[in-house]
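Peer 1: Here is my input, please return the structure:
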Amino acid sequence: MTVALRRLLPVRAGWWRGALLCFACVLVMALALDAGPARAAAEAPVMRIDTALAELRPEGAAPQAGPVTLPHRWDKVFGGRAGEATYTLMLPAQADPRQPTALLIERVGNQARVRVGGVTVAEIGGPHDRRTDAARRSIAIALPPGLLRADGPTPLVIDAAMQALRAGGLSSVRIGPVAEIDALDARLALWGPGAAAAYAGGLLLMGGLALGLWWRQRDPVYGCFGLAALFGTLRHLDKVLPEALLPWPGWGALLAIGYACHLALIARFVVLVLGRPPAWLDRATAAVLAAVVLLPAISFSTLQPGWWTAALAILEAVGLGCFALVLRSALVERQAIAWLVLSAGGLLLLAGAHDLLLVRMGLFGGSSFPLTSHAMFLLVLILAGLVVARYSQTVADYRALNQRLAERIAERERQLHEAFAAMRAQQHEQAVQGERQRMMREIHDGIGAQLVGLLGMVGQPAVDRGALQDQVKLALDEMRMAVDALQPVHDDLTTVLATLRYRLQPRLAAAGIEVVWDVQALPPMPGLSPQAILQLQRILLEAITNVLKHARATRVTVAATPRGDNAVSLQLIDNGVGLPAAAADAPPNDPASGRGIANMHARAAAIGASLRVAAGAAGGTCVAIDWQPG
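Peer 2: Here you go, the predicted structure:
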């Protein structure tokens, strides 16, 4: 809707043209609605009866009788009083008794019985029915053939029961051919209950959508418009429902309060949508809302119509105040949308003045056709367009914000990727340097120590060839294990143990020692770093070296069993002479246990493993390692 309005009104002068166009269209529609029945009566063979003899019996007052001019308004004569009335009209003679004839009564209130020639032709509500209102819509009555006299007038008697403040009375009555009366009744129904049903449905839809937006965003603009639209449906539903939901005057009080809240909240919405209102205006709006709720409640509880009239006058004054604020926004702040709201609001003020002065108070000849509901719906449509435009702008702002956030996130991600790449390169360089230093330490502490020992042995006058050979083999084993530790094992401890067996089994076989391999299938074990593998290899190498040197064993069993949580239990058991008593009972760091066992404990602690050296169950020595890599 907003896009269409912008295309229709591309420049500032276009707002004036659009405002005048809206004003003219609705004014023509209102005049057509008010003059439509009269024009239809002039164009068709339909007779209009505007006078009647009336017997008026108000409660608590003297009855009156005499001629009245139709439409006759009960509240204008007996404000705040209930009562009964009998209207007698004279229907013209019918030249052709066979011609189908019908009556059309635009309004009669509030419950009525219609008799033609003494025959009851329609009855709407009972004498004590406070829910039914015959004035909700026009009444078309097809008369039976022969009921109208051909030689003179036929009396039409309408007995009506009136409730206070319910707009009772009688409109003019039309008589004519059935087809013409039905067409006229359909037209009145279209702009009466039909328009009311359309307005009620539109307000419910717009109110529900606005309240849904308020629920998600908690924007008072949406909440105010949603409540205003929902309150506005009550007045229109009254014309659609077959009967009132509450007895009168309770139903009348509810309708009046809902209508007053509808008008007050619409005025509040107009101020909100054009900018943040000052604090004094918020307080004034709250006071007006309280007044327009209290006054109709007093009016319908005391049956004094002046209080409700005063509430309507206050609402008209509030509308004038809002009109001035919108005019200021249009002229001073140069808000383009204010011109459209200004035109619709001005039309609503004129319609409100018409309904207050002519319809409600009956001044200047009075009127029976209210215009506020039609002008209000036009304003509501415009305001709904503003809600849509505001929501669309909010969505656009959110999208722009999301776009900016996405761009900032992308920039931060790029910076993080660059920082991560730089850090990864730095870590790689540090890892290379660390690995170089580790290899240097391993060569220095392992192979270097063995070579120093060899150099010392070679420099002796008499060299034990067997000891020299053992020292060379140890140096070779150290070198091989250092190389094996650098090979990728992919978290496979079984491969590490198999490689160690491949390296050491020839030495064990040359010494006449049988190797029993009892290694179960081990799961992948994350955390098998080269350093950890080398430490494990050295622990096992130290244990096998002790077997070769001291155990005098004939069999060595290597066992590996998986445990829970990626842990493993390793055992190396020989059938030799076992440990000396002092070494078996000594703590790990005790000199009695030997330097080799102390080194084994130190290496186990370095990789987070638990090592035990004890006598085997069947003799010999058992070296047990419990380890969870990682």
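
Peer 1: Can you check the pLDDT for the closest residue to Gln628 other than its chain neighbours?
Peer 2: Nearest non-adjacent residue to Gln628, counting by CB to CB, 6 or more residues apart in numbering: Ala567, 4.0 Å away. C-beta coordinates here come from the backbone N, C-alpha and C atoms, glycine included. At Ala567, the pLDDT value in this model is 87.

Peer 1: and Ala567, what is it in contact with?
Peer 2: If a contact means CB atoms under 8 Å, 6 or more residues apart in numbering, then Ala567 has 626-628 as its contacts.

Peer 1: Redo these as TSV? Include neighbour count.
Peer 2: Output for the contacts of Ala567, formatted as TSV (neighbours: other CB atoms under 10 Å):
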residue	neighbour count
Asp626	15
Trp627	23
Gln628	16
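
Peer 1: Poorly predicted segments of the stretch 351-500 of the chain, please.
Peer 2: Counting by pLDDT under 70, the stretch 351-500 of the chain contains low-confidence residues at 431-432, 434-471, 473-490.

Peer 1: Check the stretch 1-150 of the chain too.
Peer 2: By pLDDT under 70, the low-scoring segments of the stretch 1-150 of the chain are 1-44.

Peer 1: could you pull out the helices for it?
Peer 2: 2-8, 12-43, 74-77 (DSSP state H, counting those that start in this stretch).

Peer 1: Tell me how far the residue nearest to Gln628 lies from Ile625.
Peer 2: Note on Ala567: its distance to Ile625, by CB to CB, to the nearest Å, is 11 Å.

Peer 1: do Ala609 as well
Peer 2: For Ala609, the distance to Ile625 - CB to CB - is 5 Å.

Peer 1: For the chain, which residue occupies the most central location?
Peer 2: Nearest to the mean C-alpha position of the chain, counting by CA atoms, centre = their mean, stands Arg216 at 4.5 Å.

Peer 1: Dump the strand or helix carrying that residue to CSV, restricted to CA.
Peer 2: Using DSSP states H and E, Arg216 falls within helix 195-217. What follows is helix 195-217, C-alpha atoms only, in CSV (Å, rounded to 0.1, in the frame of the first residue of the first chain):
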residue,chain,number,x,y,z
ALA,A,195,-20.4,-3.0,5.6
ALA,A,196,-20.3,-3.6,9.4
ALA,A,197,-19.3,-7.2,8.8
ALA,A,198,-16.5,-6.2,6.4
TYR,A,199,-15.3,-3.5,8.8
ALA,A,200,-15.3,-6.0,11.7
GLY,A,201,-13.4,-8.6,9.8
GLY,A,202,-10.9,-6.1,8.6
LEU,A,203,-10.3,-4.6,12.1
LEU,A,204,-10.0,-8.1,13.6
LEU,A,205,-7.4,-9.1,11.0
MET,A,206,-5.4,-5.8,11.3
GLY,A,207,-5.6,-5.9,15.1
GLY,A,208,-4.5,-9.4,15.3
LEU,A,209,-1.5,-8.8,13.0
ALA,A,210,-0.5,-5.6,14.9
LEU,A,211,-0.7,-7.4,18.3
GLY,A,212,1.4,-10.2,16.9
LEU,A,213,4.0,-7.7,15.9
TRP,A,214,3.8,-6.1,19.3
TRP,A,215,4.3,-9.5,21.0
ARG,A,216,7.5,-10.1,19.0
GLN,A,217,8.9,-6.6,19.2
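
Peer 1: Next, the buried residues of that helix.
Peer 2: Buried residues in helix 195-217, counted by 16 or more other CB atoms under 10 Å: 195-196, 199-200, 202-204, 206-207, 209-211, 213-214.

Peer 1: can you map out the helices along the stretch 501-630 of the chain?
Peer 2: Taking DSSP H, counting those that start in this stretch, the helices of the stretch 501-630 of the chain run over residues 530-546, 581-585, 595-606.

Peer 1: tell me, which of those helices is the model least confident about?
Peer 2: Among these, helix 581-585 scores lowest, with a mean of 54.

Peer 1: For Ser367, see how far away Pro523 is.
Peer 2: 95 Å.

Peer 1: Looking at those two, which one has more neighbours?
Peer 2: Between Pro523 and Ser367, counted using other CB atoms under 10 Å, the more crowded position is Ser367 (17 against 11).

Peer 1: How about the more buried one: what's its closest non-neighbour residue?
Peer 2: Computed as CB to CB, 6+ apart, the closest residue to Ser367 that is not its neighbour in sequence is Leu358, at 4.0 Å.

Peer 1: Around that neighbour, count how many other residues there are.
Peer 2: Residues lying near Leu358 (other CB under 10 Å) number 18.

Peer 1: That one reaches Gly365, doesn't it?
Peer 2: Yes - judged on CB atoms under 8 Å, Leu358 makes contact with Gly365 at a distance of 7.4 Å.

Peer 1: ok, back up a step: for Ile181, find the nearest of the helices of the stretch 501-630 of the chain.
Peer 2: For the helices of the stretch 501-630 of the chain, the distance to Ile181 is smallest for helix 530-546, at 105.3 Å, taking CB to CB.

Peer 1: quick check, nearest of the contacts of Ala567 to Gly125?
Peer 2: The closest of the contacts of Ala567, once distances to Gly125 are taken by CB to CB, is Gln628, at 91.6 Å.

Peer 1: Need phi/psi at that closest one.
Peer 2: phi -130, psi 100 (degrees, to the nearest 10).

Peer 1: Ile158 too?
Peer 2: For Ile158, the backbone dihedrals (degrees, to the nearest 10) come out as phi -120, psi 110.

Peer 1: Let me see the contact set for the residue lying closest to Gly60 once chain neighbours are set aside.
Peer 2: Nearest non-adjacent residue to Gly60, counting by CB to CB, 6+ apart: Arg81, 6.3 Å away. By CB under 8 Å, 6+ apart, the residues touching Arg81 are 58-61, 164, 303.

Peer 1: make it 6 Å
Peer 2: 58-59, 164 (CB atoms under 6 Å, 6 or more residues apart in numbering).

Peer 1: Going by neighbour count, which of those residues comes out on top?
Peer 2: Ala164 (24 neighbours).

Peer 1: Could you double-check that it lies in contact with Ala82?
Peer 2: Yes - under the criterion of CB atoms under 6 Å, Ala164 makes contact with Ala82 at 4.8 Å.

Peer 1: Helix, strand, or coil at Val157?
Peer 2: Under DSSP: H, G, I helix; E, B strand; the rest coil, Val157 falls in the strand class.

Peer 1: Once you drop chain neighbours, what's closest to it?
Peer 2: Closest to Val157 by CB to CB, 6+ apart is Arg115, at 4.5 Å.

Peer 1: Burial check on the one you found, number of neighbours?
Peer 2: That count, for Arg115 with other CB under 10 Å as the rule, works out to 17.

Peer 1: OK, contacts around the residue nearest to the centre of the chain?
Peer 2: Per CB under 6 Å, 6+ apart, neighbours of Arg216: none.

Peer 1: hang on, the earlier thing: from the helices of the stretch 501-630 of the chain, which stretch is densest packed?
Peer 2: Here the criterion is mean neighbour count by mean count of other CB atoms under 10 Å, and of those the winner is helix 530-546, at a mean of 21.
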